[in-house]
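In: I'd like to go over a predicted model; first the sequence, then the structure.
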Amino acid sequence: MCGLSLTGLTGSQSTTASTEQITTETRLLNSVAVEASQVLAAGCMSWILPAETPWFCWKPAPQQAGNDALEDWLQSCTTIALEALSSSNFYTNAHLALQRWCVVGTANLWQEQGQSQPLAFRTWDSGSFCIAENAEGTVDMLFREIEYSGKQASEMFARLPPEITNTLAKEPNRKHRFLRAIFPRPADQRTSGGPNSMAFCSKVIHMESRMLVADGGFEEFPSTAIRFLKWSESSPYGASPAMRALAEIRGVNYLEMLMSTLAEVTVNPRIIMPQGLQGVPDLRAGGITYGGLSRDSYPTEWATGGSFDIGLKLIERKEHSINEAFNRSLFELFQQRQGELNIPHVRALEAEKLCRFSPAYTSLTTEFINPLLERTFMILWRSGKFPKPPQEALFRDPLGRLSLAYPRVAQTSRMALAMQALKETAFASMLEMFSPVAQVSPVFDNVDFDRAFRDLARGKGVPADYLVDQDTVKALRAAREQAQQAQQKMEMAREAMKNPKIIEGAMSAAQQQQGAQAA
């Protein structure tokens, strides 16, 4: 059986994530797993993090909903953040991290304030870092071994050990190993200002001398650990589609090797030589080989039998299993569909595949997108990139300090809308099912159509300023009702003018009133 390294699917140079020792037989003969992982990573970028269209927006927290000034300010902040992400190296590194995510199961995206751009990102190689969780299962500790040259270390750190300073002039490019540790700072160790007041410690140690060369901190956890699905409750690392399909990947690789051998033997068959035959057979086109005295003593082909059809069916079955493990069919659903568009069938098929991908999408949202956007928001806020917030965006914490309320993240990507479409399909199906019943019984009185309309409209990505607030809706409906009542009164007056008895009665009443006034 051919061994395979998971890092061979990602192109990473790290060997620590290998499933076994690489041998002379370790070579990739079938590329379906590579293609499936690339489709999954590119599909997530296109469906969840598209660079060409807005894929998120910030909304007021639930307790602040309905404030127009806050809505407008957050919309401006969203536009600025999208521009900052586009001008940085975010999308390149996010794609690389997603490739690691779907193959190795755990990826890491480092985020910090840039020097030339507001934001800067880096994706770390798989196997070059260790992570740990807190009691709630959130990754809040990270350790990474890094190599810096003496020149790089002198530019980054104010304190250096003698092992670097003594060799810096003669060997500036000599590599030195450092250990970076990031972990929560205990509350009783926080000071009133400076790095020691920040929520997370950041320490860098020169491993050879064990000297602390940097001691700082971060307001938010700077590294986003992305896990496909948890490997187990006791492990902080993720389990990827490649891990689940590793047996099939190895199997299809082995079958490709056998099929290549069969093809080679068919084109260039094995030859069995009769005992005592002088010379070698001439296998060239038109070559002449002198055989023995009888047919049995001729050189003949040997052990060339084999079935391509069986091998191809086995490979096709295993490739299908690999593609399904990577959810490839979800991202290629419309490209693979042929014939006339069958809307109910396509919706049902898409809903089924979305349900299978939903756990991974939820994990990607909670562990990657939300922490990423929270740190993005705070970096841009602290660096003064956002306009001045309205008073409604601020609140006082228990210590009386004025703080900024972090907004709610609303995803507007294609994947978020597709997930939203599941609710739309269920709502439309419910309306269709009970429409005949509504003719004999007011069953739709149980439905809050206003809430459903606003929820589905937001899910479709309708801008918030396109929807008026509920107070305005009530005022519009009250004005419409008054106008309808006035219109009904006018219609009743017109009908009354057409009735002679009503006219005579009105004229008689008027004459009596005039006579009474004259008397």
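Out: That came through, no problem. If you're wondering where the values come from, they're calculated on a predicted model, not measured in any experiment.
In: Residue 167: what's it in contact with?
Out: 150, 174 (C-beta atoms under 8 Å, 6 or more residues apart in numbering). C-betas here are computed from N, CA, C, even on glycine.
In: 10 Å instead?
Out: Residues near residue 167 by C-beta atoms under 10 Å, 6 or more residues apart in numbering: 150, 174, 176.
In: In helices, which of those residues fall?
Out: Among the contacts of residue 167, the members found in helices (DSSP state H) are residue 150.
In: Among the contacts of residue 167, name the buried ones.
Out: Using 16 or more other C-beta atoms under 10 Å as the burial test, the contacts of residue 167 include 150, 176 as buried.
In: any idea which element residue 320 lies in?
Out: Element membership of residue 320, judged by DSSP states H and E, is helix 308-325.
In: what mean pLDDT does whichever strand or helix holds residue 436 have?
Out: Here residue 436 sits within helix 414-438, counting by DSSP H and E. When pLDDT is averaged over helix 414-438, the result is 75.
In: The helix or strand just after it to helix 414-438, inter-axis angle?
Out: Following helix 414-438 in sequence order, the next helix or strand is helix 449-459 (DSSP H and E). Helix 449-459 and helix 414-438 meet at an angle of 160 degrees, taking axes from the mean of the first three to the mean of the last three C-alpha atoms, to 10 degrees as the criterion.
In: hmm, back to that, ok, the contacts of residue 167 vs residue 299, which is closest?
Out: Proximity of the contacts of residue 167 to residue 299 (C-beta to C-beta) peaks at residue 174, which lies at 63.4 Å.
In: Surely the closest one touches residue 150?
Out: Yes. Using C-beta atoms under 10 Å, residue 174 is in contact with residue 150, at 5.3 Å.
In: Quickly list what's touching both of the two.
Out: 163, 164, 167, 168.
In: Would you check how far apart the nearest residue to the last one once chain neighbours are set aside and residue 198 are?
Out: In other words, residue 168. In space, and not counting its chain neighbours, residue 168 is closest to residue 150: 4.6 Å by C-beta to C-beta, 6 or more residues apart in numbering. Note on residue 150: its distance to residue 198, by C-beta to C-beta, to the nearest Å, is 29 Å.
In: same question, residue 327
Out: Distance from residue 327 to residue 198, by C-beta to C-beta: 39 Å.
In: These two: who's more crowded?
Out: Each of residue 327 and residue 198 has its neighbours counted (other C-beta atoms under 10 Å); residue 327 has more, 22 against 17.
In: what's the spacing between the more buried one and residue 37?
Out: When distance is defined by C-beta to C-beta, residue 327 is 11 Å away from residue 37.
In: where do the contact lists of these two overlap?
Out: 102, 241.
In: What ranges does the stretch 1-150 of the chain have for its helices?
Out: Counting by DSSP state H, counting those that start in this stretch, one finds helices in the stretch 1-150 of the chain at the ranges 7-10, 32-47, 68-87, 90-103, 150-156.
In: what does the stretch 151-300 of the chain give?
Out: Secondary structure of the stretch 151-300 of the chain (DSSP H, counting those that start in this stretch): helices at 162-165, 241-244, 246-267.
In: circling back to that earlier point, please list only the buried members of the shared contacts of residue 174 and residue 150.
Out: Using 16+ other C-beta under 10 Å as the burial test, the shared contacts of residue 174 and residue 150 include 164, 168 as buried.
In: possible to save the shared contacts of residue 174 and residue 150 as CSV with pLDDT and distance to residue 479?
Out: Listed next are those as CSV, based on pLDDT from 0 to 100; distance: C-beta to C-beta, whole Å:
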residue, pLDDT, distance to residue 479
163, 92, 81
164, 94, 77
167, 91, 83
168, 92, 79
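In: what's the domain layout of this protein?
Out: Listed by automatic domain parsing, the domain ranges of the chain are 126-227, 483-518.
In: so of those domains, which one's packed in deepest?
Out: Of all these, domain 126-227 has the most neighbours on average by mean count of other C-beta atoms under 10 Å, namely a mean of 15.
In: First-to-last residue distance for stretch 397-409?
Out: 22 Å (C-alpha to C-alpha, to the nearest Å).
In: Check what contacts that stretch and list those residues.
Out: Residues external to stretch 397-409 that are found in contact with it (C-beta under 10 Å, 6+ apart): 56-65, 70-71, 73-74, 77-78, 365, 369-370, 372-374, 377-378, 381-382, 386, 389, 391-396.
In: same deal with stretch 59-69?
Out: For stretch 59-69, the surrounding residues in contact (C-beta under 10 Å, 6+ apart) are 70-71, 73-75, 78, 389-393, 395, 405-410, 458, 464-465, 469-471.
In: Buried only: go through those for me.
Out: Those of those that meet the buried threshold are 70-71, 73-75, 78, 389, 393, 407, 409-410, 458, 464, by 16+ other C-beta under 10 Å.
In: now the strands: where do they sit in the stretch 101-250 of the chain?
Out: Counting by DSSP state E, counting those that start in this stretch, the stretch 101-250 of the chain has strands at residues 106-113, 119-123, 129-133, 139-149, 175-184, 200-206, 211-218, 223-227, 230-232, 235-238.
In: Tell me which of the ones you listed sits nearest to residue 355.
Out: strand 230-232 (19.1 Å).
In: and the closest one, average pLDDT?
Out: 83.
In: do you know which of the strands of the stretch 101-250 of the chain lies nearest residue 415?
Out: strand 223-227 (15.4 Å).
In: Relative to the whole chain's centre, how far out is stretch 479-492?
Out: Put simply, stretch 479-492 sits 53 Å off its chain's centre (C-alpha atoms, centre = their mean, to the nearest Å).
In: just to revisit the earlier point, residues contacting the residue nearest to residue 168?
Out: Neighbours of residue 150 in contact, by C-beta under 10 Å, 6+ apart: 160, 163-176.
In: on that earlier part again, closest to residue 104 out of the contacts of residue 167?
Out: When the contacts of residue 167 are ranked by distance to residue 104 (C-beta to C-beta), residue 176 comes first, at 27.1 Å.
In: so what's that closest one bridging to?
Out: Judged by DSSP bridges, the bridge partners of residue 176 are residue 148.
In: ok, it touching residue 149?
Out: Yes. When contacts are counted by C-beta under 10 Å, residue 176 is listed as touching residue 149 (7.4 Å).
In: Mind listing the shared neighbours of the two?
Out: Residues touching both residue 176 and residue 149 by C-beta under 10 Å, 6+ apart: residue 164.
In: returning to that earlier point: quickly, which of the domains of the chain bottoms out on average pLDDT?
Out: Mean pLDDT values for the domains of the chain show the minimum at domain 483-518, a mean of 70.
In: show me where pLDDT drops low in the stretch 251-400 of the chain?
Out: Within the stretch 251-400 of the chain, the segments meeting pLDDT under 70 span 276-278, 291-297, 334-350, 398-399.
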